[in-house]
Structures are given as C-alpha cells and as structure tokens.
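below is the structure, and that's it, no one-letter string:
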C-alpha cells in the first residue's frame, strides 16, 4: 500500500511526499516529493506529468526534515528516489533525482 503525507511550511506552501509504485520496474516503490502552494496543486503537478491515479489520503507518512530540505533546494521542486522497504529498512542513501529521470525510465541505481 502506498503511503503519503504533507507538511505546511512557514511561508504557506506545502511539501507533499508520496510512495508510488515504480513505473520502470513494476516492483518496489519510489518516494516522490512535490513543493507547491497547496496540496491540490501538488497533486495536479503530478497528474500533469502523466501520473493520473495519484491521491493523498491522510498524513501517514509526511516528509522528513531532510526530505523537505532536498525538495526546497531543487530548482523544479519535484524530486524522487527509491523508497525503503516496509520491512524496516533504513532510509535510502540514494541521491534525489529530478522527476524527468523517473518518467523517461532512466533510473540511476546506486
């Protein structure tokens, strides 16, 4: 089951984090972070990129402070990396990738 969440920043914008099925391999998940003015706009940004069935239900897995920093420092405000397994795997040491790399299927494995 995919998890997601959001956090509101002091300037009023939000960071939305979603665990989505990996489009390239069909197995595993990717963690996608989106910076936007509100939750609806964040989901619209993903839908406009072709990820049509993206929904945020609840706030079970909000972005960590490190994830917020990563998306704030990216010029597009939209990044991803492989999500850790649900079996308690530690956070991934993989670097964040621009969303273009995920949508083109050119995933860099670390």
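Thanks, I have it. Every value quoted in this text rests on a predicted model; they were computed, and no experiment measured them.

now do the longest helix along the chain, average pLDDT.
In the chain, with assignment by DSSP state H, the single longest helix is helix 39-48. Looking at helix 39-48 alone, the average pLDDT works out to 92.

and the next helix or strand past that helix?
helix 65-72 (DSSP states H and E).

relative to helix 39-48, how tilted is the helix or strand that that following helix is followed by?
Scanning forward in sequence from helix 65-72 by DSSP H and E, the next helix or strand is strand 78-82. Angle of strand 78-82 versus helix 39-48, following axes from the mean of the first three to the mean of the last three Cα atoms, to 10 degrees, is 70 degrees.

which elements pack onto strand 78-82?
Counting by 3 or more Cβ pairs under 8 Å, 6 or more residues apart in numbering; DSSP states H and E, the packing neighbours recorded for strand 78-82 are strand 29-36, helix 65-72, strand 97-98, helix 99-103. For every residue, glycine as well, the C-beta is placed using N, CA and C.
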